[in-house]
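Asks: no sequence for this one, just the structure:
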């Protein structure tokens, strides 16, 4: 599954277009490599992104099949780190 689809499907980002713009600005990484919106992700990949004044790092535990409800989305990933980015 593509990185823009997975972040949207797991309710981590509101829309795929937001992920696309973040990828265009080099704000998304898969396994420490800068990602394009079309890059594929696999189970156990580490995804990092800077959006909405937060740095977030997750480990993908499972690729969902079909739609995912917001309440069941967290079972597909492990939150490794989330910290607020302070702009001066």
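Replies: Everything's here; your move. Note that the structure is a prediction, hence the values are computed from the model and not measured.
Asks: got the buried residues for the top helix by length along the chain?
Replies: Longest helix in the chain by number of residues (criterion: DSSP state H): helix 16-24. Applying a neighbour-count criterion of 16 or more other C-beta atoms under 10 Å, one finds 16, 19, 20, 22, 23 buried in helix 16-24. In short, each C-beta sits where N, CA and C put it, glycine included.
Asks: from residue 75, how far off is residue 31?
Replies: Distance of residue 31 to residue 75, computed by C-beta to C-beta, to the nearest Å: 21 Å.
Asks: which residues in the chain form helices?
Replies: Under DSSP H, the chain gives helices at 3-9, 16-24.
Asks: the ones you listed into TSV, with extra columns for mean pLDDT and distance to residue 53?
Replies: Shown next, in TSV, are the helices of the chain (pLDDT from 0 to 100; distance: least, C-beta to C-beta, whole Å):
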stretch	mean pLDDT	distance to residue 53
helix 3-9	95	17
helix 16-24	95	13
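Asks: any chance of these in TSV, with distance to residue 52 too?
Replies: Shown next, in TSV, are those (distance: least, C-beta to C-beta, whole Å):
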stretch	distance to residue 52
helix 3-9	12
helix 16-24	9
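Asks: count of neighbours near residue 3?
Replies: Using other C-beta atoms under 10 Å, residue 3 is surrounded by 27 other residues.
Asks: I'd like to know how many residues surround residue 13.
Replies: 21.
Asks: that one reaches residue 54, doesn't it?
Replies: No: with contact taken as C-beta atoms under 8 Å, residue 13 and residue 54 are classed as non-touching, separated by 11.0 Å.
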